[in-house]
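Undergrad: Dropping a prediction and its sequence here:
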Amino acid sequence: MSISLSRPRALAFSLPAIIAILPFLGACFYIFRFSISADKGVIDGYSIQAYVDLMTPFFGRSVWLTLKLSFVATIIAMILAVPLAFLLTSLKSPLARRCLTVTILLPLILNLLVQAYGWILLLGPSGVLNSTLKGLGIIERPIFLLFNETGVLLGLIQTSLPLAVFPIVSSVRGLSQEHLEAASSLGASHWRTFVDVTVPLLRPGLVGAASIVFAFNASAFAIPLLLGGRRVQMMGVAIRDMISPLFNWSGAAAAGMILITLTLIVLVFASWLVRVTSEEVRG
Amino acid sequence: MRVGLLPTEGKSTYRFTVLFLATIGILISSLPVVVVTIMSFSASDNTGFPPPELSLRWYWEVIAMFTQEDASSAQSVVDSTVTSLLVAFIVMAISTLVCIPLAYALARGDRRIREGMELLFTLPLVFPLVILGIAFLLIAESLRLEIGIWRIVIPHVALVLPFVLRNCIGAMNGISVETEEAAVSLGASPLRAIWDVVIPLMRAGILAGLIFALIISFNEFTITFFMYTIDVSTLPIWMYSRTVSSLDPSTLALSVFIIVADVVLIVLVDKLIAGRANLF
């Protein structure tokens, strides 16, 4: 006798969760339908006017800024995440490991406002950094790091770092000890092992982590809103402005579709890259 | 010989570089939280650094905000906190109740269906939050829905489903069919076997999912920023509207309460799923 899950029972067990996710799927469909609506305020007829109207230098700059900031933030986050993952996996004491895990994970979970307050206190005109530099006599007037691209970049790196570290940690755990030992016993230096053995073995994990970090940063909203003010118009903030002062619903929906398409292209490209490179390693 | 990724011996540039970059990473992750905590103890009225003196006055201020009636503001901090907690607990209950049977069905069911469903339930994780906020706002506005607190609960449930489901599936992975069969062969009905045997074994994963749902919903800002109304607003929105022009130290003291609660809950999750599952 064995337990087999009959089809009606499997369906009955899945149904509540499917109902719970339906509003999400409805929202995805709704935003698509609104973006091709002929009316700016309600869904009515079909038109691509909303997309055509977006072809302005202003929106183009916003897309470019979004791609640029997300790309730079992703690169820096990856450069910091790999050493953090190495450190996290080589810590012996469970307490130290737990502390480091909480420190890295907290920025992803914690209320974004609180973190923005932290950056404002750190980088503001009378903040920690400016006061310290002034106290040391390095600068005379405060340097402005807030409400420009630097502040937003730091915020993006901080909040997306956990998304990079934890996937890399699971790839590092899966790393074969034999390869590293072989490289070391053949006399390769640490750097040589890192470049020629560790990175190629980790590559699928690295590409996967980077693509998630990029998608997360490209769709960031709270960080550019709170740390960039009106001056750093990343797409998330630009889309909000179409709704809130302008009531251009179909325009916002169309801009949203463009943002989703951009992140999807990156995710699909990354998974293709993972497939190609992992075949290369095996071949 | 065990070769570590982080060599323990000697003064190599490799070891130095790895540790140096990891330190920068730790600083970027933790400095904002550390500075908020330090400044919340400042005795001064402004947020200039360094604080001239340390005091607990802003903490007393926060306690006073919660205990005294404040008729001046439209939405008091007490109301928003109650709404935040109510939303978080409803989200937690709904997401867990729907994910436990689904995780069971996926673990015991067809493998291809399982992969497809896991993909479907990962979507909210990669979907831009701004777009989700706008989409839910569009639906609520154009259908003129008067659903009170549910206008925040429904989007939050979608948002936490990936985390809760992952934890429940992770918990199911460790439970063999034989355990269930043993219960059934001893005379239990299949449903009873699930209730009495499987669910108790899933406990740690279910708890981890519960806590994840609670912290994500309680800290959520972006979607709520689009969905809140004068009557239904959460604590992060209250903090935003209070600090939109300038930052005052009592908000920092309130932030420290939130930080402490989050850290405690994350440590709990980490303990519950220690070594058995990935956080993502």
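TA: That came in fine, so what should we check first? Keep in mind that what you see is a predicted model, and the values were worked out from it rather than measured. Numbers count the residues shown, from 1 in each chain, chains lettered A, B, ... in the order given.
Undergrad: for whatever residue of the stretch 1-150 of chain A ends up closest to chain B, helix, strand, or coil?
TA: At 2.3 Å from chain B, residue A:118 is the closest residue in the stretch 1-150 of chain A, using C-beta to the nearest C-beta. Yep, even glycine has a C-beta here, placed from its N, CA and C like the rest. Following DSSP: H, G, I helix; E, B strand; the rest coil, we place residue A:118 in the helix state.
Undergrad: For it, which non-adjacent residue is spatially closest?
TA: Of all residues not flanking residue A:118 in the chain, residue B:32 sits nearest, at 2.3 Å (C-beta to C-beta, 6 or more residues apart in numbering or on different chains).
Undergrad: Could you list the low-pLDDT ranges of the stretch 101-250 of chain A?
TA: Counting by pLDDT under 70, the stretch 101-250 of chain A contains no low-confidence segment.
Undergrad: so where do the helices sit in it?
TA: A:112-123, A:128-135, A:149-173, A:177-185, A:190-193, A:199-218, A:222-223, A:235-243, A:249-282 (DSSP state H, counting those that start in this stretch).
Undergrad: looking at these, which is buried most?
TA: helix A:222-223 (a mean of 27; mean count of other C-beta atoms under 10 Å in any protein chain shown).
Undergrad: and it, what does it pack onto?
TA: helix A:112-123, helix A:149-173 (3 or more C-beta pairs under 8 Å, 6 or more residues apart in numbering or on different chains; DSSP states H and E).
Undergrad: Quick one: closest of the helices of the stretch 101-250 of chain A to residue B:47.
TA: Set against residue B:47 and scored by C-beta to C-beta, the helices of the stretch 101-250 of chain A come closest in helix A:112-123, at 5.9 Å.
Undergrad: can you tell me which residues contact the residue of the stretch 1-150 of chain B found nearest chain A?
TA: Of all residues in the stretch 1-150 of chain B, the one sitting closest to chain A is residue B:32 (2.3 Å; C-beta to the nearest C-beta). By C-beta atoms under 8 Å, 6 or more residues apart in numbering or on different chains, the residues touching residue B:32 are A:107, A:114-115, A:117-119, A:121-122, A:158.
Undergrad: Repeat the analysis, applying 10 Å as the threshold.
TA: Neighbouring residues of residue B:32 by C-beta atoms under 10 Å, 6 or more residues apart in numbering or on different chains: A:106-107, A:110, A:114-123, A:154-155, A:158-159.
Undergrad: Quick check: closest non-adjacent residue to the residue in the stretch 151-280 of chain B positioned nearest to chain A.
TA: Among all residues of the stretch 151-280 of chain B, residue B:158 sits closest to chain A, at 3.7 Å; criterion: C-beta to the nearest C-beta. Leaving aside its sequence neighbours, residue B:158 sits nearest to residue A:24 (C-beta to C-beta, 6+ apart; 3.7 Å).
Undergrad: And chain B, split by domain according to the record?
TA: For chain B, automatic domain parsing gives the domain ranges B:11-65, B:73-273.
Undergrad: From the chain's centroid, how far away is the first one?
TA: The gap between where domain B:11-65 is centred and where its chain is centred comes out at 22 Å by C-alpha atoms, centre = their mean, to the nearest Å.
Undergrad: between the helices of the stretch 101-250 of chain A, which gets nearest to residue A:7?
TA: Closest among the helices of the stretch 101-250 of chain A, using C-beta to C-beta: helix A:249-282, at 31.2 Å.
Undergrad: between that closest one and helix A:199-218, how many degrees?
TA: 180 degrees (axes from the mean of the first three to the mean of the last three C-alpha atoms, to 10 degrees).
Undergrad: Let me know the angle separating helix A:249-282 from helix A:235-243.
TA: Using the same axes, to 10 degrees: helix A:249-282 against helix A:235-243 is 160 degrees.
Undergrad: does chain B sit close to helix A:249-282?
TA: Yes - applying C-beta under 10 Å from any C-beta of the partner chain, one finds helix A:249-282 in contact with chain B at A:249-250, A:252-253, A:255-257, A:259-260, A:262-264, A:267.
Undergrad: What is the neighbour count of the residue of the stretch 151-283 of chain A found nearest chain B?
TA: Using C-beta to the nearest C-beta, residue A:219 is the residue of the stretch 151-283 of chain A that sits closest to chain B, at 3.1 Å. Neighbour count of residue A:219, defined by other C-beta atoms under 10 Å in any protein chain shown: 26.
Undergrad: Could you do residue A:88 as well?
TA: Around residue A:88 there are 22 residues (other C-beta under 10 Å).
Undergrad: Tell me if it really is in a helix.
TA: Yes - counting by three-state DSSP, residue A:88 is located in a helix.
Undergrad: residues contacting it?
TA: A:81, A:96-97, A:100-101, A:104, A:165-166, A:168-169, A:172-173, B:6, B:22.
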